[in-house]
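> no FASTA, just this:
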């Protein structure tokens, strides 16, 4: 109703207000009603008032969505119209056109009645709209029964959910009350709902109120507490759900009323990362930024996070065509699209990468492209060395020659005392990067972190697929532990480390407490509504080639230096001489040229004192000509530069 009907209604309201303003019964300053004068002046008044309404945009408002903020528009229109009419009143007072001298009292009364009436019919329209919507929603709910629910956590999060649910007729939750372990809250009311007891009373209260579901609404809930509540609710036969995490709400991905199932990220979650935004804004804003491996899990998330800080342009470098297409399309259709250039390229290709650096002149490089799958790299050692070591050196040299300000290598906790080809090649890449820092002005830094939840080829998606198929879930070793981060958390801290880096640092991220892979598997089975070892079997397969039982992150106090950010540290890791680095690269290049797997492993162990890269089973090794490996000799072992 934004067309002729609305205009006609406004005409009627403003005309009626003007006539009423002239009536002696309302306007005590006028003794006699002059209908001829009023009818003549009303057209002039309507012209002024409608002109003002159109000019300030009052007719762009949709009636059914009118809000308190729209009162300002009508108040502004009323004030402007009254000011214009009063100006005419005083100007015409010194002319002969007395017919157009509208009394001051009539102007004031008509303004209040007229514009109050305009706002009133719009508010009435919204009331009628919401009434009809609630009736329609109520009729839909008659066909869909609400779920009797208890909210666990009577803090700000719980109060916000309770208020929003109570104001929505289409909510699927029938909230019966709160549960909270703060005994001081028990018996009180939050958002109109009673705090019925503590978690120790949950079974009794659920039974008395016929509750079938509990929603976790704790403020800043930690993984250990969420796990306890899930186990408690499961034992009581209650379905457990949770409100969206704080970072999901902040990024607009969900509203608090969109209660969802508990995810494995919730169980392993920690407090949301708080970045030093001012540092990062200065680091990224307006700059041309290259992200290699932009179609991968970490690379794509880096692109998303970088986009929040208004870069000038992002170069999306990726050799996997579909991955590049997906992240490019996502950025293109996002709420805040950014300038980007999707570039299909192999980071080992010097000519292609050189042309990209020369054409686009990136100022910051995030190098996330890598071969990362440990068992696969045990079989494909030559590709691991070419991609993880030589390509990193190639990109670093191009960056230095092009005058890149900052080069950030995404490294791994597997580079600490590496026991795998993948870990050893990433450690060698760190060493290469530190050596490049002595030759170029570019600030070369590396960032180490552990496993990323949900990344391609990681445990979580593999377990999910195994559970979907009915099992069994395969775990390598019951004692195996890993450090975990969510993809957004890891990417944010990589960017933060880049902003803090001056050059030469190997940053170590605070990964929290390590998690047993067996616990992870059991949690995922429970979250699927099944029971471990009963509904889904867990089978132990033994550690695969190159895998450690426990990963390390150099997280002891004597090996770390604090930075401005509480979750980002600088590892006190010794560097190597340029001669030793050159010798290592020369030996590895000969071994790769000979396609000699055994020689590659020997060179990695020889040049990396901390590495223990074992030989795999004979049937896993690729064939290599005997005469090619015979000529490969060892250069002097890498020497630490204290």
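Yes, it's here. Since we're looking at a predicted model, the values are computed, not measured. Numbering: from 1, shown residues only.

> Show me the helices in the stretch 51-200 of the chain, by range?
For the stretch 51-200 of the chain, the helices defined by DSSP state H, counting those that start in this stretch cover 71-92, 104-143, 156-166.

> List the buried residues of the longest one.
I take that to be helix 104-143. Residues of helix 104-143 classed as buried by neighbour count (16 or more other C-beta atoms under 10 Å): 106-107, 109-111, 113-115, 117-119, 121-123, 125-126, 129. The way it works is simple: take the backbone N, C-alpha and C, and place the C-beta from them, glycine included.

> That one - contacts with which helices or strands?
Using 3 or more C-beta pairs under 8 Å, 6 or more residues apart in numbering; DSSP states H and E, the elements in contact with helix 104-143 are helix 4-22, helix 71-92.

> repeat for the last one
With contacts defined as 3+ C-beta pairs under 8 Å, 6+ apart, the packing partners of helix 156-166 are strand 147-152, strand 173-179, strand 189-190.

> Any buried residues in it, and which?
Taking 16+ other C-beta under 10 Å as the criterion, helix 156-166 shows 157, 158, 159, 160, 161, 162, 163, 164, 165 as buried.

> Find the nearest non-adjacent residue to the first one, please.
By that I understand residue 157. residue 217 (4.7 Å; C-beta to C-beta, 6 or more residues apart in numbering).

> I'd assumed residue 240 was in contact with that neighbour.
No - if you go by C-beta atoms under 8 Å, residue 217 and residue 240 don't touch, sitting 11.7 Å apart.

> neighbour count winner among the two?
Neighbours were counted for residue 217 and for residue 240 using other C-beta atoms under 10 Å; residue 217 has more, 27 against 22.

> Quick one: residues contacting that one.
Under the criterion of C-beta atoms under 8 Å, 6 or more residues apart in numbering, the neighbours of residue 217 are 151, 152, 153, 154, 155, 157, 158, 161, 242, 243.

> thinking again about what came up before, mind putting the helices and strands packed on helix 104-143 into CSV with mean pLDDT, mean neighbour count and distance to residue 439?
Output for the helices and strands packed on helix 104-143, formatted as CSV (pLDDT from 0 to 100; neighbours: other C-beta atoms under 10 Å; distance: least, C-beta to C-beta, whole Å):
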stretch, mean pLDDT, mean neighbour count, distance to residue 439
helix 4-22, 78, 17, 72
helix 71-92, 77, 16, 62
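
> got the helices of the stretch 51-200 of the chain as CSV, with distance to residue 484 columns?
Listed next are those as CSV, based on distance: least, C-beta to C-beta, whole Å:
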stretch, distance to residue 484
helix 71-92, 49
helix 104-143, 40
helix 156-166, 24
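
> out of these, nearest to residue 603?
Taking C-beta to C-beta, helix 156-166 is the member of the helices of the stretch 51-200 of the chain nearest to residue 603, at 54.7 Å.

> what residues are up against residue 354?
residue 398 are the contacts of residue 354 under C-beta under 8 Å, 6+ apart.

> where does residue 182 fall, phi/psi-wise?
phi -80, psi 110 (degrees, to the nearest 10).

> Please disregard the earlier target; I meant residue 327.
Reported as degrees, to the nearest 10, the phi and psi values for residue 327 are phi -70, psi -30.

> What number of residues are in the vicinity of it?
24.

> Just the element for residue 290, please.
Assessed by DSSP states H and E, residue 290 sits inside strand 288-292.

> Please identify which of the helices of the stretch 51-200 of the chain is closest to residue 477.
With respect to residue 477, and counting by C-beta to C-beta, the nearest of the helices of the stretch 51-200 of the chain is helix 156-166 at 38.0 Å.

> now the closest one, how far from the centre of its chain.
Distance of helix 156-166 from its chain centroid, counting by C-alpha atoms, centre = their mean, to the nearest Å, is 23 Å.

> what's the answer for stretch 524-531, then?
The answer for stretch 524-531 is 26 Å, by C-alpha atoms, centre = their mean.

> quick one, domains of this protein?
Using automatic domain parsing, the domain parsing of the chain gives 4-140, 147-262, 277-618.

> averaging pLDDT over each of these, which comes out lowest?
Sorting the domains of the chain by mean pLDDT places domain 4-140 lowest, at a mean of 72.

> so who does residue 49 touch?
14, 77, 81, 114.

> between the helix or strand in which it is found and helix 4-22, how many degrees?
Here residue 49 is covered by helix 35-55, with elements defined by DSSP H and E. If you take axes from the mean of the first three to the mean of the last three C-alpha atoms, to 10 degrees, helix 35-55 sits at 140 degrees to helix 4-22.

> For stretch 572-584, what is the distance to the chain centroid?
Stretch 572-584 sits 38 Å away from the centroid of its parent chain (C-alpha atoms, centre = their mean).

> list the buried ones in it?
In stretch 572-584, counting by 16+ other C-beta under 10 Å, buried: 573, 575, 576, 580, 581, 583, 584.

> Most widely separated two among those residues?
Spanning the widest gap among these are 573 and 583, at 19.6 Å by C-beta to C-beta.

> Now residue 84: closest residue in space that isn't a chain neighbour?
Nearest one to residue 84, counting by C-beta to C-beta, 6+ apart, is residue 48 at 5.4 Å.

> how near is the one you found to residue 18?
To residue 18, residue 48 is 11 Å away according to C-beta to C-beta, to the nearest Å.

> Ok, residue 177 next?
Distance, residue 177 to residue 18, by C-beta to C-beta: 55 Å.

> Same check on residue 127?
Using C-beta to C-beta, residue 127 is found at 26 Å from residue 18.

> now residue 178
For residue 178 relative to residue 18 (C-beta to C-beta), the value is 55 Å.

> Quick one, which of the helices and strands packed on helix 156-166 gets closest to residue 520.
strand 147-152 (23.3 Å).

> what packs against the closest one?
Right, strand 147-152 is packed against helix 156-166, strand 173-179, helix 202-208, strand 213-216 by 3+ C-beta pairs under 8 Å, 6+ apart.

> got these as a markdown table, with distance to residue 469 columns?
Listed next are these as a markdown table, based on distance: least, C-beta to C-beta, whole Å:
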| stretch | distance to residue 469 |
| --- | --- |
| helix 156-166 | 35 |
| strand 173-179 | 32 |
| helix 202-208 | 33 |
| strand 213-216 | 28 |
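
> mind listing the helices for the stretch 351-500 of the chain?
374-379, 381-385, 391-402, 421-436, 459-468, 487-500.

> Single out the most deeply packed of the ones you listed.
The highest average neighbour count among these, using mean count of other C-beta atoms under 10 Å, belongs to helix 421-436 at a mean of 27.

> Could you check how far that helix is from the centre of its chain?
That offset, for helix 421-436, works out to 30 Å (C-alpha atoms, centre = their mean).

> again, but for stretch 392-408
Counting by C-alpha atoms, centre = their mean, stretch 392-408 is centred 29 Å from the centre of its parent chain.

> can you list contacts of that stretch?
By C-beta under 8 Å, 6+ apart, the surrounding residues in contact with stretch 392-408 are 283, 287, 292, 347-348, 350, 353-354, 357-358, 361-367, 409, 429, 432-433, 436, 439-447, 494, 497-498, 501, 585.

> circling back: which of the buried residues of stretch 572-584 sits closest to residue 230?
When the buried residues of stretch 572-584 are ranked by distance to residue 230 (C-beta to C-beta), residue 573 comes first, at 39.6 Å.
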